[in-house]
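[1] Here you go, sequence then predicted model.
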Amino acid sequence: MGCVHTAQGLEYQWGGVIMGPDLTWENGAWVAHREYVKSKASRIEDDAELTRALRNAYGVLMSRSIHGTVLYSVDPAVRALFAELGVPRTFE
């Protein structure tokens, strides 16, 4: 279990990323939900910049694995996006 700060500079054989309610997919775009951000990123006042910061943090977590990464999102729309992009589904 870790966060973007503990994952930077490391590589794992396999990784898992759970996307929480802080970043969802709505009307074809990523949307940040400030009320769920529990990191220093919550200090970012501009919504577009907050969304960019969250996307970057998840991107770091998703790119640390050598063999593969298991992705899960609490948001059904993000799970649908993953399916549309061809991300294999193994559980719902």
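    That came in fine, so what should we check first? Residues are numbered from 1 along each chain as shown.
[2] The closest residue to A53 other than its chain neighbours - how many residues pack around it?
    Spatial nearest neighbour of A53, excluding adjacent residues (C-beta to C-beta, 6 or more residues apart in numbering): A41 at 4.7 Å. Any C-beta I mention is one placed from the backbone N, CA and C, and that applies to glycine too. Taking other C-beta atoms under 10 Å as the neighbour definition, A41 ends up with a count of 19.
[3] Next, A41: secondary structure please.
    With DSSP: H, G, I helix; E, B strand; the rest coil as the basis, the three-state label of A41 is helix.
[4] How much space separates the residue lying farthest from the centre of the chain from Y58?
    Note on the chain: the largest C-alpha distance from the chain mean falls to E45, namely 19.8 Å (C-alpha atoms, centre = their mean). Summarising the geometry, the distance separating E45 from Y58, computed by C-beta to C-beta, to the nearest Å, is 20 Å.
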